[in-house]
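>>> let's see this in three dimensions:
(one chain, ligands or ions: 2)
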Amino acid sequence: MKPKRITISAASQHVGETVSIPGWLYNLRKSGKIAFPLLRDGTGIMQCVAVKSALPEPVFDAIKDLTQESSVIFTGKIRADERAPGGYEMDVENVEVVQRVPEADPYPITPKEHGVDFLMDHRHLWLRSQRQHAILGVRHEVIRAVRDYFDSNGFTLVDTPIFTPAACEGTTTLFEVNYFEDEKAYLAQSGQLYNEATAAAFGKVYCFGPTFRAEKSKTRRHLTEFWMVEPEMAYAALEDVKQVAEEMIVFVVGRVLEKRRAELKLLERDVSKLEAIQAPFPRMSYDDAVKFLQSKGSEIQWGGDFGGADETLLSQEHDRPLMVDGYPSSVKAFYMQPNPERPEVAMCVDVLAPEGYGEVIGGGQRIHDYDLLLRRIGEHHLPKDAFEWYLDLRRFGTVPHGGFGMGIERCVAWLCGLEHVRETIAFPRMLYRLRP
Ligand code: 4AD
Ligand code: MG
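Ligands and ions are numbered 1, 2, ... in the order given. As a prediction, the model looks like this:
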């Protein structure tokens, strides 16, 4: 009978059984009489033990000659061992070498230190390392938690298009593409405008997909392609938007702490910092934020947008995300609802993650008045034609509404405690990075 195929993560259910585990050779320690191949299979890493005297000679020779990242199927008996990395080991009885990586052209990523450019050039292979594996595991959990949060709170997922005829977040970061004959299209910067349409159909919606910004700046927070989750609610004011943002973040952080302890440990993340993420979050007006920043020596003047350094200063002050509201309308997008008592500021909120991570969420209330919106479209020199459908939403049953967008990569960088967003997505796209 052929031994059952299992994954390393399922080893605990097969103690004492002879099983097969397909995977890749992560590492190999050996002497003349015994070899300890470390097998990885995507679900975990397992130490295997191959004893020369217990194995047919060709089997032992094949194992001791294995090279890093060769693909192999090990067969053997599972044994519990407290000292082993995952708590279980395999006493090897047989091996099938699917492909042996030749010495002449060895796996390029070795346990020694490599520079970040080298690793980025080999991103397709770097993903196999434990650290990258852990980060992408957390990313997966964040995405699942975000979906669970909205799905169980009355939001309907309605995906929005990626080819769009007009800008949402300012014309300076648009990626233009040829869309047949004479038409130009732009890659979506945000699904928000379409969310506003679907919110009028469903009440509460969210979209979740890739978004694109031709960001010419090289920072540790910017990608040119990133994933954003964007909820939108009809009959909602700024306060409702803040509440959902707060609740969602607490939920997502809680879920990651619950399910991804092992990954956080591997990343040496101080989880006490994440355990502190509880409601209510501190709130601050833009006005007060400017005063605070000036007191810390920032050059910021009222009316300017915060730079990365300003956001870092602000978010270092608190052990929870900080909600900053009431930015000057002039630094925000055309659709932002002005404060009726102070039209020079917008009914918007940015959520700044603690520990210096900066903005993870941007959102607010949208202009629901037809005339005002039309005026803003003009002031921003946006093509009215392309926005006719958007204006329709103010012609037919307009209501106060709002929502926000959270960048998944920035959220993952924060939760994993990473310096740079480039490690939070499998194949990052940045100003100087389009490959692999
Ligand atoms: O603040 P932003 O530009 O807001 C919007 O796009 C709104 N239309 C969202 C909405 O209200 N529905 O972007 C929202 C979030 C930021 O807080 C940040 O987390 C992320 O998207 N983000 C980026 N992440 C990585 N690279 C970039 N270049 C990003 N630009 C924005
Ligand atoms: Mg923003």
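>>> helix/strand/coil for the residue of the stretch 251-400 of the chain at minimum distance from ligand 1?
Closest to ligand 1 within the stretch 251-400 of the chain is residue 362: 2.4 Å, counting by Cβ to the nearest ligand atom. Placement of C-beta: from N, CA and C, glycine included. Three-state call for residue 362 (DSSP: H, G, I helix; E, B strand; the rest coil): strand.
>>> for it, which non-adjacent residue is closest in space?
Excluding the flanking residues, the one nearest residue 362 by Cβ to Cβ, 6 or more residues apart in numbering is residue 350, at 5.2 Å.
>>> what is the burial count for the residue of the stretch 251-400 of the chain closest to ligand 1?
21 (other Cβ atoms under 10 Å).
>>> that one contacts residue 405, doesn't it?
Yes: between residue 362 and residue 405 a contact is recorded at 5.9 Å, counting by Cβ atoms under 8 Å.
>>> next, the contact list for residue 273, please.
Residue 273 is in contact with 319, 354-355, 417, counting by Cβ atoms under 8 Å, 6 or more residues apart in numbering.
>>> just the closest of the residues you listed to residue 331, please.
Checking the contacts of residue 273 against residue 331 with Cβ to Cβ, the nearest one is residue 354 at 23.2 Å.
>>> model confidence for that closest one, exactly?
pLDDT for residue 354: 95.
>>> same question, residue 283
pLDDT, read off for residue 283, is 97.
>>> distance of the residue nearest to it when sequence neighbours are not counted relative to residue 349?
Distances taken as Cβ to Cβ, 6+ apart put residue 323 closest to residue 283, at 4.7 Å, once the chain neighbours are dropped. Going from residue 323 to residue 349 by Cβ to Cβ, to the nearest Å gives 5 Å.
>>> hey, what's in contact with both of the two?
With Cβ under 8 Å, 6+ apart as the test, residue 323 and residue 349 both reach 242, 245.
>>> ok, these two, which is more surrounded?
More crowded of residue 323 and residue 349, by other Cβ under 10 Å: residue 349, with 24 against 20.
>>> contacting residues for the residue nearest to residue 362?
323-325, 327, 359, 361-362.
>>> can you check residue 252 too?
Neighbouring residues of residue 252 by Cβ under 8 Å, 6+ apart: 142, 145-146, 149, 411.
>>> please save the CA atoms from the helix or strand of the chain with the lowest mean pLDDT in CSV.
None of the helices or strands of the chain scores lower by mean pLDDT, DSSP states H and E than helix 308-316, at a mean of 91. Taking Å, rounded to 0.1, in the frame of the first residue of the first chain, the C-alpha atoms of helix 308-316 are listed here in CSV:
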residue,chain,number,x,y,z
GLY,A,308,5.6,61.3,6.0
ALA,A,309,7.8,62.7,8.8
ASP,A,310,4.8,64.6,10.2
GLU,A,311,2.6,61.5,10.2
THR,A,312,5.4,59.6,11.9
LEU,A,313,5.7,62.2,14.7
LEU,A,314,1.9,62.2,15.2
SER,A,315,1.5,58.5,15.3
GLN,A,316,4.5,57.9,17.7
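>>> circling back: which one of the contacts of residue 273 sits closest to residue 66?
Nearest member of these to residue 66, counting by Cβ to Cβ, is residue 417, at 34.2 Å.
>>> next, count neighbours for the closest one.
16.
>>> from residue 282, how far off is the closest residue to residue 298 other than its chain neighbours?
Of all residues not flanking residue 298 in the chain, residue 310 sits nearest, at 5.5 Å (Cβ to Cβ, 6+ apart). Distance from residue 310 to residue 282, counting by Cβ to Cβ: 16 Å.
>>> sorry, back to before: work out for me the element the residue nearest to residue 283 sits within.
Here residue 323 sits within strand 322-325, counting by DSSP states H and E.
>>> name the helices or strands packed onto the helix or strand following that strand?
Per DSSP H and E, strand 322-325 leads on to strand 338-339 as the next helix or strand towards the C-terminus. With contacts taken as 3 or more Cβ pairs under 8 Å, 6 or more residues apart in numbering; DSSP states H and E, strand 338-339 sits against strand 342-346.
>>> anything in the strand it packs on near ligand 1?
No: if you take Cβ under 6 Å from any ligand atom as the test, strand 342-346 misses ligand 1, and the best it gets is 11.6 Å.
>>> also stretch 139-154?
No: judged by Cβ under 6 Å from any ligand atom, stretch 139-154 stays clear of ligand 1, getting no closer than 12.2 Å.
>>> pull out the buried residues from that stretch.
139, 141-143, 145-146, 149-150 (16 or more other Cβ atoms under 10 Å).
>>> so which of these comes closest to residue 187?
residue 143 (20.7 Å).
>>> that's a helix at the closest one, yeah?
Yes: assessed with three-state DSSP, residue 143 lies in a helix.
>>> didn't it look like it was pressed against residue 408?
Yes: counting by Cβ under 8 Å, residue 408 is a contact partner of residue 143 at 6.5 Å.
>>> tell me, what's touching those two both at once?
Both residue 143 and residue 408 are in contact with residue 227, where contact means Cβ under 8 Å, 6+ apart.
>>> how close does the residue of the chain lying at maximal distance from its centre sit to residue 353?
Distance from the C-alpha centroid of the chain peaks at residue 53, with 48.9 Å (Cα atoms, centre = their mean). Using Cβ to Cβ, one gets 56 Å for the distance from residue 53 to residue 353.
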